[in-house]
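Enquirer: I would like to see how this sequence folds:
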Amino acid sequence: MELNKIFLSGLTFLWVCSGNGYSADRQDGKFEPKLFQVTTAETRPNDAVLIRGEYLDKIKSVKVFTLDNGNVGNAEPAYVPLPVEDRLPDVNGTNLRTGPLASYKAKAVDLLQQKEQSLKFIVPEDLKNGVFSVEMTDVNNEKAYFYLNVPIVRWALSEDGECAVAGDYLRVQGKNLLRDKDKAHAVLVPLKGGKNVRCKVTDFFDDFSVSVDIPDNTPLGTYYLYYHNGMGGKTAWSEPLRIDVVSKSPDWWGVKVFNVMDYGAVGDGVHNETAAFRAALHAAGQNGGGKVRLCQNVGTTFFDDLQSCYISFCLRRFFLIHLVTSCYIPVVSSYK
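Expert: Numbering: from 1, shown residues only. Got it, this is the predicted structure:
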């Protein structure tokens, strides 16, 4: 991968910064279309697709087809980078990056509202819903491709923070995560060699959030997480998310309780209890963790119907706070 461009069969996926601003000039003096944003939301047949970039008025044709879902099975993950704004595409790129699939069955679409920096088209309504491959051809007959409806993983979170815990669940957030529940799964590919770890998706909350189980026997270390939503076949994985697999932290719920009433809280529903809360939180931190208990009427009620809830605060390690009843914390939002 070059530092300033990524090419997919000709068209460039990012504009290049020059002394006079953003250059879209080729070395032979011709203007070359650049893509830096495409629709990433769920897209169905007869939906509109927006493309943004530079010199898109030089695009002469767009074709679309639906990728075969196929059977991903135990195949190595493979992904096609999406164009993005404000940074190089595929900044966490790995050797599993692949070229997009093309097909002679692709259907030509009309170019709508075509301008220098944007164009639209409608996905043909007779296409099967799924992951769509889009082929763009410019006036120089150079082609570029991108996918629609591929999963996008923005971040992942466990009970121990932004990492995965062997033997526990991992909450994955992004886009296009909920498609085929029976085929969706995730794979952890070790950064420094070793066996891939396949992970089952246990809960589908919506198209933006799922829960993945990390097997107990997963070796600790750094991995790339890839996600497949069950559609689009072997090249329709998410771009990689780098994540560490760690052992589970001690169960802080079973240790010492720090009651804010013991640190100066009045509990009359009137006083500002920030100082008492800070003191209890500091004491728990010095202890290495624990429960901070907020009793009834500690401050003015602010969180409606917040009964017996748990809030997680990230310190240098992970640290848990037990909210027993509705309360108001006027100042404190984190602890350092």
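Enquirer: ok, Phe205 - contacts?
Expert: Each residue near Phe205 by Cβ atoms under 8 Å, 6 or more residues apart in numbering is listed here: Ser211. To be clear about C-beta, it is placed using only N, CA and C from the backbone, and glycine gets the same treatment.
Enquirer: that's a helix at it, yeah?
Expert: No - with DSSP: H, G, I helix; E, B strand; the rest coil as the criterion, Phe205 is strand rather than part of a helix.
Enquirer: and the gap between it and Leu281?
Expert: According to Cβ to Cβ, to the nearest Å, Phe205 and Leu281 sit 30 Å apart.
Enquirer: now the helices for this protein?
Expert: 274-287 (DSSP state H).
Enquirer: below-threshold pLDDT in it: ranges please.
Expert: Filtered on pLDDT under 70, the chain yields the residue ranges 1-31, 85-93, 251-255, 269, 289, 294-336.
Enquirer: spatially central residue for it, please.
Expert: Arg154 (1.4 Å; Cα atoms, centre = their mean).
Enquirer: verify the contact between it and Arg171 for me.
Expert: No - at 11.4 Å, Arg154 and Arg171 do not qualify as touching, with contact defined as Cβ atoms under 8 Å.
Enquirer: for burial, what's the neighbour tally of the nearest residue to Arg171 once chain neighbours are set aside?
Expert: Nearest residue to Arg171, sequence neighbours excluded (Cβ to Cβ, 6 or more residues apart in numbering): Leu157, at 4.9 Å. Leu157 has 16 neighbours, counted by other Cβ atoms under 10 Å.
Enquirer: same deal with the one 4 residues further on?
Expert: The number of residues packed near Gly161 is 15, by other Cβ under 10 Å.
Enquirer: kindly report the same for the one 3 residues further on.
Expert: Each residue near Ala164 was counted by other Cβ under 10 Å, and the total is 26.
Enquirer: wait, doesn't it sit right on Val246?
Expert: Yes - between Ala164 and Val246 there is a contact under Cβ under 8 Å: 7.3 Å.
Enquirer: ok so, going back, now do the contacts for the residue nearest to the centre of the chain.
Expert: Applying Cβ under 8 Å, 6+ apart to Arg154 gives the contacts 173-175.
Enquirer: which one of these is nearest Lys63?
Expert: Nearest to Lys63 out of these is Lys175 (Cβ to Cβ; 23.9 Å).
Enquirer: out of everything not next to it in sequence, what's closest to that closest one?
Expert: Nearest residue to Lys175, sequence neighbours excluded (Cβ to Cβ, 6+ apart): Ile152, at 4.3 Å.
Enquirer: now that neighbour: how far from Ile122?
Expert: Using Cβ to Cβ, Ile152 is found at 22 Å from Ile122.
Enquirer: more crowded one of those two?
Expert: Between Ile152 and Ile122, Ile152 has the larger neighbour count (other Cβ under 10 Å), namely 19 against 14.
Enquirer: in contact with that one, which residues?
Expert: 40, 82, 174-176, 238-239.
Enquirer: among the contacts of Arg154, the buried ones, what's the ChimeraX command?
Expert: Applying 16 or more other Cβ atoms under 10 Å to the contacts of Arg154 leaves a buried subset, and the ChimeraX line that selects it is:
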select :174,175
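Enquirer: which one of the contacts of Arg154 sits closest to Lys291?
Expert: Looking at those and their distance to Lys291, the nearest is Gln173, at 27.6 Å (Cβ to Cβ).
Enquirer: is it true that that closest one touches Ser209?
Expert: Yes - using Cβ under 8 Å, Gln173 is in contact with Ser209, at 5.4 Å.
Enquirer: which neighbours do these two have in common?
Expert: Overlap of the contact sets of Gln173 and Ser209 (by Cβ under 8 Å, 6+ apart) is empty.
Enquirer: isn't Ser118 right up against Arg52?
Expert: Yes - between Ser118 and Arg52 there is a contact at 5.0 Å, judged by Cβ under 8 Å.
Enquirer: who's more crowded, the two?
Expert: Neighbour count, other Cβ under 10 Å: between Ser118 and Arg52, Arg52 has more, with 17 against 14.
Enquirer: wait, what's in contact with the nearest residue to that one once chain neighbours are set aside?
Expert: Using Cβ to Cβ, 6+ apart and skipping residues adjacent in sequence, the residue nearest Arg52 is Gln37, 4.2 Å away. Gln37 makes contacts with 50-53, 83-85, as judged by Cβ under 8 Å, 6+ apart.
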